[in-house]
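S.K.: With the input below, show me the fold.
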Amino acid sequence: MKAEEVRQRAFSMPLHSPAYPPGPYRFVNREYLIITYRTDREALERIVPRPLEIVEPIVKYEFIRMPDSTGFGDYTESGQVIPVRFGQETGGYVHAMFLDDDPPIAGGRELWGFPKKLASPSLRVAHDTLLGTLDFGPVRIATGSMGYKHRTLPLQDAQRALGEPGFLLKVIPHVDGTPRICELVRFRLGDVAVKGAWSGPAALELHPHALAPVSQLPVQEVLSGVHLIADLTLNLGEVAHDYLAR
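M.R.: As a prediction, this is how the structure comes out:
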């Protein structure tokens, strides 16, 4: 194989059998349970990287079902998103993500810098309750619940929330272990079609784990629970800040 062929085909590893296809990536009937809670501001300050700024001491804990996604298949995800400000722009800093499917783990980390780890999340309806759980190995580290479709929310509010940018800290090491890439990445969802949005009473419980420390952002007060269903496209990202630039 010629060097030029390597360059042309080098969008994913392994070269001869890529872990995922080229994007962008379309999701159909993507389902969210988002529980917003108040946490400790000092804990957030230890986590959120500059030049991002904390808006309020708030975290959005998410459970997401993705039954139909281009190139990634059928999987479930769970994690924490922190509302932040970047200059005059507001959005969400993705702090932790756990999922059960290899292609989106590899693609998410390599392309955007999503902080993805392998785990076992779930999102399902249990009688009158929308129930999200996250297991890391045999340990249950997160349980979220919400009354099922108690109140309908305006679709335009959900559309506006999904239109905000997300921010990621992308780190790829050099062969000697030093950082080769260290960037703040901005990404956006596109072609968003919200099919339903609901709210209801919600609860969230987080448990400690050495390798999945979601409880380091403790739940002080649950503020809201939201259930969304939407079709959307996960667009490729852009570099918002380069930590290695001189």
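S.K.: residue contacts, Val222?
M.R.: 35-37, 202-204 (CB atoms under 8 Å, 6 or more residues apart in numbering). Every C-beta, even on glycine, is put in place using the N, C-alpha and C of the backbone.
S.K.: any idea of the mean pLDDT in the helix or strand containing it?
M.R.: Per DSSP states H and E: Val222 is located in strand 221-234. Average pLDDT, strand 221-234: 98.
S.K.: gap between that strand and the chain center?
M.R.: 12 Å (CA atoms, centre = their mean, to the nearest Å).
S.K.: got it, and stretch 197-216?
M.R.: 14 Å.
S.K.: same deal with stretch 190-202?
M.R.: The mean C-alpha position of stretch 190-202 is separated from the chain mean by 16 Å, CA atoms, centre = their mean.
S.K.: what do you get for stretch 69-87?
M.R.: The answer for stretch 69-87 is 2 Å, by CA atoms, centre = their mean.
S.K.: partners of the strand holding Val222 in the sheet?
M.R.: Paired neighbours of strand 221-234 in the sheet (DSSP bridges): strand 25-38 (antiparallel), strand 189-199 (antiparallel).
S.K.: Can you turn the buried part of the contacts of Val222 into a PyMOL selection?
M.R.: In PyMOL, this line selects whichever of the contacts of Val222 come out buried by 16 or more other CB atoms under 10 Å:
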select buried, resi 35+36+37+202+204
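S.K.: Save the contacts of Val222 as TSV, and put in distance to Leu234 too.
M.R.: What follows is those, written out as TSV (distance: CB to CB, whole Å):
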residue	distance to Leu234
Ile35	22
Thr36	22
Tyr37	25
Ala202	26
Ala203	29
Leu204	25
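S.K.: how about the helices in this structure?
M.R.: Counting by DSSP state H, the segments of the chain that form helices are 3-9, 41-45, 102-107, 155-162.
S.K.: Out of the ones you listed, which is closest to Asp128?
M.R.: Ranking the helices of the chain by proximity to Asp128 (CB to CB) places helix 155-162 first, at 22.0 Å.
S.K.: Can I get the closest one as CSV, trimmed to CA atoms?
M.R.: Taking C-alpha atoms only, helix 155-162 is exported to CSV below (Å, rounded to 0.1, in the frame of the first residue of the first chain):
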residue,chain,number,x,y,z
LEU,A,155,-41.8,21.2,21.6
GLN,A,156,-40.1,24.5,20.8
ASP,A,157,-38.5,24.6,24.2
ALA,A,158,-37.0,21.1,23.7
GLN,A,159,-35.9,22.1,20.2
ARG,A,160,-34.1,25.2,21.6
ALA,A,161,-32.3,23.1,24.3
LEU,A,162,-31.1,20.5,21.8
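S.K.: Contacts made by it with the rest, please.
M.R.: 189, 192, 194, 196-197, 226, 228, 230, 232.
S.K.: got the buried residues for it?
M.R.: Neighbour-count burial for helix 155-162 [16+ other CB under 10 Å]: 158, 161-162.
S.K.: what does stretch 193-213 give?
M.R.: 194, 197-200, 202, 204, 206, 209, 212.
S.K.: Now for these: which two are most distant?
M.R.: Val194 and His209 (33.3 Å).
S.K.: about what we covered before: among the contacts of Val222, which two are most distant?
M.R.: Thr36 and Ala203 (12.3 Å).
S.K.: what's the distance between the closest residue to Glu110 other than its chain neighbours and Arg180?
M.R.: Counting by CB to CB, 6 or more residues apart in numbering, Ser12 is the residue found nearest to Glu110 once chain neighbours are left out, at 6.6 Å. For Ser12, the distance to Arg180 (CB to CB, to the nearest Å) stands at 17 Å.
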